[in-house]
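Undergrad: Have a look at this prediction, sequence included:
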Amino acid sequence: MDELKDKVAIVTGGGRGLGAAICRNLADADAIVVAADIGWEYAKGVAEEMRLLGKRVEPMELDVGREDQVEKAVNSVMERHGTIDVLINNAGTDVTRSIEDLAVSDWDRILSVNLRGPFLMAKAVFPIMKRQGCGYVINVASTAAKRAWANAAAYHASKWGLLGFTHALHVEARPYNIKVSALVVGGMRTPFLLERFPDIDVKSLQDPANVAETVRFLLRQPDGTVLPEVMVLSMGETSWP
């Protein structure tokens, strides 16, 4: 199956965790992958790793919350490849604090990465995909978009907002043959959780490579079919019934 061969895919937050797993998976399917990350060294590391395997991953330094950087990034990809077939909005951040201790700057930063970023990226690629008559945008949401727990107000607000934005974009994009999906993801064995919660039960977390395989499954749906929302969980998931 070579549905993804030579397709150009941008993966935000592509340097570590789920983003890196998605970059590896799509590159293994012979896609041309842009690993965009605010951490240049992480993105470069993934690109070098895959280059040694004969795969095509290009590193890019990108703060998705900055409009100027998003515009520059999308223009750069278009100049090199002339198309953008896939956008994976995966970049995310969080801080674990009560509403009383949550700084306004923390709120702004989390919303900038988790919600403003996907909006800016989708806005930038939408006219390109519209001209092409096809494209796919996948927004990585979370079970945090389905329920709530303490000390994560900004994260919940961003992910609930991202889920709503995704469904709105799905409606707007369908007439132009642009597919849009929300990938609602449970806990994973990634730095996002492991670095902040060293005592977390890793047995309850899923391998990000499994989630990356779900991304590939979405991208391989037949023409004329789209899955607007998919949830992928570990069998030991604790944050969802």
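TA: Okay, I see it. Residues are numbered from 1 along each chain as shown.
Undergrad: so what pLDDT did V11 get?
TA: Listed pLDDT for V11 reads 98.
Undergrad: Who does it form a beta bridge with?
TA: A35, I88 (DSSP bridges).
Undergrad: how close does V215 get to D108?
TA: 29 Å (C-beta to C-beta, to the nearest Å). (C-beta placed from N, C-alpha, C; glycine too.)
Undergrad: for L87, same thing?
TA: According to C-beta to C-beta, L87 stands 24 Å off from D108.
Undergrad: repeat for L102
TA: Computed as C-beta to C-beta, the L102 to D108 distance reads 11 Å.
Undergrad: Those two: which is more packed in?
TA: Between L102 and D108, counting by other C-beta atoms under 10 Å, L102 is the more crowded of the two (17 against 13).
Undergrad: ranges for the strands of this structure?
TA: For the chain, applying DSSP state E gives strands covering 8-12, 32-37, 57-61, 86-89, 135-142, 178-185, 229-232.
Undergrad: could I get these as CSV with distance to M78?
TA: As requested, those are arranged in CSV below (distance: least, C-beta to C-beta, whole Å):
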stretch, distance to M78
strand 8-12, 9
strand 32-37, 11
strand 57-61, 13
strand 86-89, 13
strand 135-142, 13
strand 178-185, 16
strand 229-232, 29
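Undergrad: possible to save the ones you listed as TSV with distance to P191 and mean neighbour count?
TA: Below are the strands of the chain laid out as TSV (distance: least, C-beta to C-beta, whole Å; neighbours: other C-beta atoms under 10 Å):
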stretch	distance to P191	mean neighbour count
strand 8-12	16	28
strand 32-37	12	29
strand 57-61	18	22
strand 86-89	18	28
strand 135-142	15	26
strand 178-185	15	25
strand 229-232	19	17
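Undergrad: residue contacts, V230?
TA: Residues in contact with V230 (C-beta atoms under 8 Å, 6 or more residues apart in numbering) are 181-184, 214, 218.
Undergrad: how close does the residue most central in space within the chain sit to E100?
TA: For the chain, the residue nearest the mean C-alpha position is N90 (1.7 Å; C-alpha atoms, centre = their mean). Separation of N90 from E100 (C-beta to C-beta): 30 Å.
Undergrad: How about K179?
TA: For K179, the distance to E100 equals 42 Å [C-beta to C-beta].
Undergrad: Repeat that for V8.
TA: Taking C-beta to C-beta as the measure, V8 falls 45 Å from E100.
Undergrad: And for N114?
TA: Counting by C-beta to C-beta - N114 and E100 are separated by 21 Å.
Undergrad: Looking at the two, which one has more neighbours?
TA: Shown here are N114 and E100; by other C-beta under 10 Å, N114 has more neighbours (28 against 5).
Undergrad: mean confidence score for stretch 131-142?
TA: Across stretch 131-142, pLDDT averages out at 97.
Undergrad: Now tell me which helix or strand of this protein has the poorest mean pLDDT.
TA: helix 191-194 (a mean of 68; mean pLDDT, DSSP states H and E).
Undergrad: one step back: quick one: residues contacting the residue nearest to the centre of the chain.
TA: Contacts of N90 (C-beta under 8 Å, 6+ apart): 11-14, 18-19, 22, 140.
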